[in-house]
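Undergrad: My questions are about this predicted structure, shown below with the sequence.
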Amino acid sequence: MTEFSKSVTPMAQSARPPKGGEGDTGVVVDTKTTTKRPPLYKVLLLNDDYTPMEFVVHVLERFFGMNHAQAFEIMLTVHKKGVAVVGVFSHEIAETKVGQVMDFARRHQHPLQCTMEKE
Ligand code: TYC
């Protein structure tokens, strides 16, 4: 069973439809479903001594949809505290964002690090 599958609880006998009706096989069991939200992942940006501040601001605007003021503020938080959460996403989206940032930083030869962790 995966994390996302439904958990199925048989209904009480008294709540079941009567067996042996016309055209029915007598095996119908009503189900109650419970839904579980998929887990969320924080995407983290890490500080380093070499990546230019303007590059980090650009990354936050480009890949995390921040305006310039928001991006500058988060960049400064990372610079001062060492790390900040830059977004919370599904596993697949978080993985994509991390990959995009790491690839963009590598292509520009900056040591910027971006990681994800389960919320
Ligand atoms: N510390 C870097 C500097 O002084 C700036 C920086 C900020 C780097 C945030 C990475 O995630 C980072 N140039």
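TA: Structure's in. What do you need?
Undergrad: hey, let's count contacts and neighbours off CA atoms from now on
TA: Will do.
Undergrad: Can you check which helix is longest in the chain?
TA: Assignment by DSSP state H gives helix 91-107 as the longest helix of the chain.
Undergrad: now check it, is it near the ligand?
TA: No: contact of helix 91-107 with the ligand (Cα under 6 Å from any ligand atom) is absent, the minimum separation being 10.3 Å.
Undergrad: show me what contacts residue 63?
TA: Residues counted as contacts of residue 63 (Cα atoms under 8 Å, 6 or more residues apart in numbering) are 97, 100, 101.
Undergrad: out of these, who has the most neighbours?
TA: Highest neighbour count within the contacts of residue 63: residue 101, with 22 neighbours (other Cα atoms under 10 Å).
Undergrad: Quick check: the gap between it and residue 31.
TA: Using Cα to Cα, to the nearest Å, we find residue 101 at a distance of 44 Å from residue 31.
Undergrad: that older thread, in CSV: the contacts of residue 63, plus pLDDT and distance to residue 42.
TA: As requested, these are exported to CSV (pLDDT from 0 to 100; distance: Cα to Cα, whole Å):
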residue, pLDDT, distance to residue 42
97, 99, 11
100, 98, 15
101, 99, 14
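Undergrad: show me what contacts residue 97?
TA: Residue 97 touches 43, 63, counting by Cα under 8 Å, 6+ apart.
Undergrad: show me where the protein has helices.
TA: Along the chain, counting by DSSP H, helices occupy 53-64, 68-81, 91-107.
Undergrad: CA atoms only: put the longest helix of the chain into CSV for me.
TA: Extracted in CSV, the C-alpha atoms of helix 91-107 (Å, rounded to 0.1, in the frame of the first residue of the first chain):
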residue,chain,number,x,y,z
HIS,A,91,7.9,16.2,-3.6
GLU,A,92,8.0,16.4,-7.4
ILE,A,93,7.8,20.2,-7.6
ALA,A,94,10.5,20.6,-4.8
GLU,A,95,12.8,18.2,-6.7
THR,A,96,12.3,20.2,-9.9
LYS,A,97,13.1,23.6,-8.1
VAL,A,98,16.2,22.2,-6.4
GLY,A,99,17.4,20.8,-9.8
GLN,A,100,16.7,24.0,-11.6
VAL,A,101,18.6,26.1,-9.0
MET,A,102,21.6,23.7,-8.7
ASP,A,103,21.9,23.5,-12.5
PHE,A,104,21.6,27.3,-12.9
ALA,A,105,24.3,27.9,-10.2
ARG,A,106,26.6,25.2,-11.7
ARG,A,107,26.2,26.7,-15.2
